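S.K.: from the sequence below, what's the structure:
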Amino acid sequence: MRMAPRTLPSRLLTTLVCASLAFAAGAQDNGGVRLPDLGSSANALVSPQEAQDYGAAMLRQMRGLDMVVDDAMLDDYINDLGYRLVAASDKPKDHFSFFIVKDSVINAFAAPGGYIAVNSGLIDITNSESELAGVIAHEIGHITQNHLQRAFESSKKDAPLMALVLLGAIAAGAGAHAGDAAGAVLMGGQGLMMQRQINFTRKDEVEADRVGIQTLAKAGFDPNAMAGFFERMQDTMRAGAGGDSDVPELLQTHPVNLSRISDAKSRAQALVAEQKQRPTSSTLVKAQWEKSTAPIAFVKDPTSLTTRGGKDGLDSYALMRERVRVLSDDALQMTKYYAANFDHQREFDTPANRYGYALALMRSGNGGKAVEQIQPLLTAHPDNQIIQLAMADAKLQAGRRGEALVIYADLNRQSPRNRAIALGYAKALTDNGSTAEATQAADMLRPMLDSSDEPELYRSFARATEKAGDAIRSGEAYADASYLSGRPFDAMEQLKRLLKRPDLDYYARARIQARISDLTPLVMELRKRKVQTEDNPDGRTQQLQREGENCAGRLCFSAGQR
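M.R.: As a prediction, this is how the structure comes out:
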C-alpha cells in the first residue's frame with residue numbers, strides 16, 4: 001500500500017494555475033488546418049510527469065470539495081469507455097484518467113496529465129453511448145493535439161489571477177454550502193479565462209472535432225454522434241428561448257456554428273463510407289488495446305460489469321446513465337421522480353429506469369422495496385452482473401445478509417478483480433461479521449490498493465483491517481483515504497498519532513515515516529500560503545488580507561464574495 005501518486009508540493013501554486021487553465025481548455029474553438037505538434041517552448045513549461053501530478057492534485061482538490069462522483073462501478077465504466085477511445089487515438093501510450101463531476105451543468109473538460117472530466121449533467125442528457133463517447137473523444141483530441149500546452153503558453157500573463165481564483169475556491173470550500181460556493185468561484189474565474197482565451201483557440205475546437213471523430217470511428221462508435229449531439233444541443237437552446245442562462249455550458253465553452261457542424265458531418269460521412277469499404281477498420285482489435293496504457297482490467301482480462309453491448313439484451317450504458325443520475329442528486333427527490341413517472345408515463349417503465357428507482361430507494365434506506373424493484377429485472381436477466389450486484393446490495397440493506405453474501409461470493413468468483421463487487425462484498429463481510437470475515441475482506445481488497453486512487457477503497461480496507469485486529473494497517477489506510485480525498489492535514493495528523501504507538505515494529509515505523517516525509521512539503525506549502533482547506537481552517541483572515549492586497553485596483557474572485 002502506498003500514499004497515492006507522488007506530488008510536487010513545492011510547486012503548489014503552479015499546480016493550481018495549471019489546473020485552472022484546464023477548465024479553460026474547454027473553451028478552445030478551432031477552424032481548419034491540422035496544427036503541427038507544439039515545439040519545446042510550451043513543453044518546457046510543464047513536463048509530462050509534472051502535468052500528470054498537476055491533474056492528480058486537481059482531482060484531489062475536487063474530491064475535497066465533494067465535486068466528484070466517487071463510485072467504483074461508474075469509475076470502471078467511464079474509464080473503460082475512455083480507454084476504448086484512447087486505444088484508437090493518435091497517442092495510445094499517453095497517460096489518461098477519466099472521472100465524473102457531480103454537476104448538473106452540461107459540460108466536460110480536459111485537464112493536465114490526461115485527466116478528463118465529464119459532468120453528470122452531460123451524461124444525463126446523452127441519448128446513446130456514441131454521443132457520450134463523442135464528447136470524450138473530443139476532449140481526448142484536445143490533449144493529443146497539445147491544446148492544453150498552447151493555452152498555458154498563451155495564458156502565462158493570466159496565471160496570477162487564475163491562481164487566486166483557485167485559492168479562493170479552496171477557501172470557499174471550507175464554509176457553508178461548500179460545493180455551491182467553490183463551484184461559483186471556479187466558474188467565475190473559468191468564465192473570465194475562457195473569454196480571454198477564445199480568440200486564441202478558434203482553430204483548436206474544429207481540430208479536436210476532426211481528431212475526435214476519427215477516434216470515434218476507429219473505436220467502433222458512430223462517427224455521426226458528435227455532430228448530432230452538438231446539433232441537438234443547439235436545437236434545445238433555440239427551443240428554450242432567450243438569454244445566456246439558457247445556453248448549455250457545453251456550447252458556451254465549446255462554441256458551435258453551422259459551419260463547424262457541417263464540417264463534422266462531412267468528416268463523419270467520409271469515415272462511414274470508408275468503413276463500408278473496409279468493415280474491419282472500425283473494430284477495436286486486441287492489438288490496439290495492447291498498445292494502450294489502460295489499467296490491466298481493461299486490457300487483458302476485462303472484468304468490468306459494464307462492458308458495452310451485453311449479450312443479455314440489457315443496455316449497460318442506459319443502466320450507468322441512471323446510476324449517474326441517482327448518485328448525483330438528492331436521494332429522496334430521485335425516489336419521487338421515478339415513482340411519479342412510473343405512475344404517469346407508460347413508456348417510462350424501462351429496465352434502466354427500474355434499476356435507477358431501485359438505487360434511489362437504497363440511497364433512501366429502503367432496501368426491502370428496492371428488492372421488489374430488482375427481482376423482475378433479475379428474473380428477466382439472471383446473468384447480468386449489474387443487476388445481480390444491485391440485488392445483493394438491496395438484500396444486505398434489507399437485513400438479508402446471508403442471501404446477500406451468497407450473491408457477492410458468486411460474483412467475486414466470476415470477477416475477482418472488480419472493485420464494485422469487492423467493495424460490496426467487503427462491506428457485507430465486515431459489517432456484523434466475524435473477525436475471520438473481516439480478515440477475508442481485507443485480503444480481498446489489499447491487492448487492489450496499489451492500482452487505485454479511490455478513497456472509498458482505502459476506507460473499506462481500513463474498516464476491514466480494524467475489525468480484523470490490525471489497528472496499524474487500518475490507521476495507515478485511513479490516512480491514505482484522507483489524502484486522496486483532498487485532506488492532507490488530516491492525513492498528516494493521523495500519521496503522527498500512529499507514529500506515537502508503542503507497538504510499532506521496524507517496518508511499520510518505516511512506512512509511516514516515509515508517508516510523513518512525502519506529506520510534509522505539501523502541508524508546509526499550504527500553511528506558508530495560508531491556504532484554508534476543510535481540514536485546515538487556520539489563516540482565513542491572513543488569506544483574505546493577502547487577496548485584498550493582490551487585488552488592489554483589479555477584478556478578483558475572493559472567497560469572501562459568496
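
S.K.: what are the ranges of the strands in this structure?
M.R.: For the chain, strands defined by DSSP state E occupy the ranges 97-101, 108-111, 115-119.

S.K.: now for the second one, which elements pack on it?
M.R.: Contacts of strand 108-111 with other secondary structure elements, assessed using 3 or more CB pairs under 8 Å, 6 or more residues apart in numbering; DSSP states H and E, are made with helix 12-25, helix 48-64, strand 115-119, helix 129-144, helix 147-154. Any C-beta I mention is one placed from the backbone N, CA and C, and that applies to glycine too.

S.K.: by mean pLDDT, show me the worst of those.
M.R.: Of all the helices and strands packed on strand 108-111, helix 12-25 carries the lowest average pLDDT, namely a mean of 37.

S.K.: could you list the low-pLDDT ranges of the stretch 51-200 of the chain?
M.R.: Residue ranges of the stretch 51-200 of the chain with pLDDT under 70: 149-200.

S.K.: one more pass at 80, please.
M.R.: Scanning the stretch 51-200 of the chain for pLDDT under 80 picks out the ranges 54, 147-200.

S.K.: go on, the chain?
M.R.: Applying pLDDT under 80 to the chain picks out residues 1-47, 50, 54, 147-204, 206, 230, 233-313, 529-534, 536-562.

S.K.: adding distance to Ala137 and mean neighbour count, write the strands of the chain out as JSON lines.
M.R.: Output for the strands of the chain, formatted as JSON lines (distance: least, CB to CB, whole Å; neighbours: other CB atoms under 10 Å):
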{"stretch": "strand 97-101", "distance to Ala137": "12", "mean neighbour count": "23"}
{"stretch": "strand 108-111", "distance to Ala137": "11", "mean neighbour count": "26"}
{"stretch": "strand 115-119", "distance to Ala137": "10", "mean neighbour count": "26"}
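
S.K.: out of the ones you listed, nearest to Leu457?
M.R.: Minimum separation from Leu457 across these (CB to CB) falls at strand 97-101, 14.4 Å.

S.K.: check which helices and strands that closest one sits against.
M.R.: Secondary-structure packing of strand 97-101 (3+ CB pairs under 8 Å, 6+ apart): helix 48-64, helix 72-87, strand 115-119, helix 120-125.

S.K.: for the first one, name the packing helices and strands.
M.R.: Read it as helix 48-64. Using 3+ CB pairs under 8 Å, 6+ apart as the contact test, the elements touching helix 48-64 are helix 12-25, strand 97-101, strand 108-111, strand 115-119, helix 159-172, helix 471-484.

S.K.: need the contact partners of the fourth one.
M.R.: By CB atoms under 8 Å, 6 or more residues apart in numbering, the residues outside strand 115-119 that reach it are 22, 55-56, 58-59, 78, 82, 96-101, 103-111, 132, 135-136, 139-140, 143, 249.

S.K.: show the contacting residues for Arg325.
M.R.: Each residue near Arg325 by CB under 8 Å, 6+ apart is listed here: 120, 123-124, 334, 356.

S.K.: filter those to the buried ones?
M.R.: Buried members of the contacts of Arg325, counted by 16 or more other CB atoms under 10 Å: 120, 123, 334, 356.

S.K.: roughly how far does the nearest residue to the first one once chain neighbours are set aside sit from Met233?
M.R.: By that I understand Ser120. Spatial nearest neighbour of Ser120, excluding adjacent residues (CB to CB, 6 or more residues apart in numbering): Ser328 at 3.8 Å. Shown here: Ser328 relative to Met233, a distance of 19 Å by CB to CB, to the nearest Å.

S.K.: show me the helices in the stretch 251-400 of the chain, by range?
M.R.: Along the stretch 251-400 of the chain, the segments classed as helices by DSSP state H, counting those that start in this stretch run 258-277, 286-291, 316-327, 331-344, 351-363, 367-380, 385-397.

S.K.: distance of Asp443 relative to Pro416?
M.R.: 12 Å.

S.K.: how about Met73?
M.R.: Between Met73 and Pro416 the computed distance is 16 Å (CB to CB).

S.K.: these two: which is more packed in?
M.R.: Met73 (24 against 13; other CB atoms under 10 Å).

S.K.: I'd say that one and Ile386 touch.
M.R.: Yes - Met73 is within contact range of Ile386, at 7.5 Å (criterion: CB atoms under 8 Å).

S.K.: contacts only, for Ala442.
M.R.: So Ala442 contacts 426, 461, 464-465, 468, 470, 473 (CB under 8 Å, 6+ apart).

S.K.: neighbour count added to those, as TSV?
M.R.: Shown next, in TSV, are the contacts of Ala442 (neighbours: other CB atoms under 10 Å):
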residue	neighbour count
Ala426	27
Phe461	29
Ala464	28
Thr465	26
Ala468	22
Asp470	18
Arg473	20
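
S.K.: those residues in helices, which ones?
M.R.: Those of these mapping onto helices are 426, 461, 464-465, 473, per DSSP state H.

S.K.: nearest to Glu534, out of those: which one, please.
M.R.: Phe461 (22.8 Å).

S.K.: how about the longest helix anywhere in the chain: buried residues?
M.R.: Longest helix in the chain, counting residues (DSSP H): helix 506-528. Neighbour counts over helix 506-528 (16+ other CB under 10 Å) mark 508, 511-512, 515-516, 518-519, 522-523, 525-526 as buried.

S.K.: let me know the closest of the ones in helices among the contacts of Ala442 to Arg497.
M.R.: Among the ones in helices among the contacts of Ala442, Arg473 lies closest to Arg497 (CB to CB), at 14.6 Å.

S.K.: how much space separates the residue nearest to the closest one when sequence neighbours are not counted from Arg511?
M.R.: In this structure, Arg473 finds its nearest non-sequential neighbour in Thr465, 4.5 Å apart by CB to CB, 6+ apart. According to CB to CB, Thr465 stands 14 Å off from Arg511.

S.K.: same question for Ala117.
M.R.: Looking at Ala117 against Arg511, where the rule is CB to CB, the gap reads 32 Å.

S.K.: might one say that Gln513 is in contact with Leu499?
M.R.: Yes - contact criterion CB under 8 Å: Gln513 and Leu499 qualify, at 7.0 Å.

S.K.: what's the overlap in contacts for those two?
M.R.: Listed as contacting both Gln513 and Leu499 by CB under 8 Å, 6+ apart is no residue at all.

S.K.: distance of the nearest residue to Leu504 once chain neighbours are set aside from Glu466?
M.R.: Excluding its sequence neighbours, the residue lying closest to Leu504 (CB to CB, 6+ apart) is Ile472, at 6.7 Å. The gap separating Ile472 from Glu466 is 10 Å, by CB to CB.

S.K.: ditto for Asn418
M.R.: Taking CB to CB, one finds Asn418 at 24 Å from Glu466.

S.K.: for the two, indicate the residue with more neighbours.
M.R.: Asn418 (24 against 19).

S.K.: quick check: phi and psi on that one?
M.R.: phi -80, psi 120 (degrees, to the nearest 10).

S.K.: that one reaches Asp75, doesn't it?
M.R.: No - using CB under 8 Å, Asn418 makes no contact with Asp75, being 11.3 Å away.

S.K.: walk me through the domains of this structure.
M.R.: Structural domains annotated on the chain: 11-294, 316-528, as defined by automatic domain parsing.
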